[in-house]
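using only what follows, build the 3D model:
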Amino acid sequence: MRSYTDIKQSKALSEILPIESADMHYNNASIKGINYADEYRAELMDYNTAQKVLSKYLINPMFGIIPCWSLASLLSVLPDGTDIVKDKADTENEKYMCTVGVKDDIISTFGKNPVDACYEMILKLKENNLL
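Below is the predicted model:
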């Protein structure tokens with residue numbers, strides 16, 4: 001089960017959430033040196049620290065650092081009382097439901113895994129000016 005945002009989700013969240021809330025990052029630095037770029041991979045270093053540590057690579061326009069959020073950091077930006085459960089109503093597909101109580105209402109989103117469900121919740125809350 002995936003425990004952090006994929007690159008597409010990470011890019012979208014970087015437009016919504018404070019970068020400081022990203023507890024991981026993607027980068028494509030290569031062990032071959034600063035003139036090479038590898039495939040993007042997630043690493044367990046927060047985005048701001050990664051910017052400082054990997055700054056020597058930033059001179060290469062092929063190189064990039066993208067903030068990434070673990071499930072724990074996604075939950076930390078959602079309102080208190082956020083709940084994620086496996087949806088037992090859909091027995092054919094494994095699906096997770098994220099629920100949040102906001103302003104006397106309950107909002108629910110779904111995803112293939114808890115990260116996807118939280119990601120969808122953040123998008124929905126942002127769309128409704130509740131984040």
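
just checking, what packs against the helix ranked longest in the chain?
Secondary structure of the chain read by DSSP state H shows that its longest helix is helix 114-127. In this structure, helix 114-127 makes packing contacts with helix 7-13, helix 71-77, strand 83-86, strand 96-102, strand 105-111, judged by 3 or more C-beta pairs under 8 Å, 6 or more residues apart in numbering; DSSP states H and E. For every residue, glycine as well, the C-beta is placed using N, CA and C.

map the structural domains onto the sequence of this structure.
What automatic domain parsing lists as the domains of the chain is 7-70, 78-127.

chain center to the first one, what's the gap?
Its chain's C-alpha centre and that of domain 7-70 lie 13 Å apart, by C-alpha atoms, centre = their mean, to the nearest Å.

now the end-to-end length of it.
The straight-line separation of the ends of domain 7-70 (C-alpha to C-alpha, to the nearest Å) is 12 Å.

same check, this time on stretch 20-33
28 Å.

could you say what helices and strands the lowest-mean-pLDDT helix or strand in the chain packs with?
The weakest-scoring helix or strand in the chain, judged by mean pLDDT, DSSP states H and E, is strand 33-43 (a mean of 84). Contacts defined by 3+ C-beta pairs under 8 Å, 6+ apart place strand 33-43 against strand 24-30.

per-residue confidence averaged over the strand it packs on?
Mean pLDDT, strand 24-30: 90.

strands paired with it, and their directions?
Neighbouring strands of strand 24-30 in its sheet, by DSSP bridges, are strand 33-43 (antiparallel), strand 65-68 (antiparallel).

just say which of those is most tucked in.
When the strands paired with strand 24-30 are scored by mean count of other C-beta atoms under 10 Å, the highest mean neighbour count falls to strand 65-68 (a mean of 24).

tell me, how many neighbours does residue 126 end up with?
Counted with other C-beta atoms under 10 Å, the neighbours of residue 126 add up to 15.

wait, what's in contact with it?
residue 16 (C-beta atoms under 8 Å, 6 or more residues apart in numbering).
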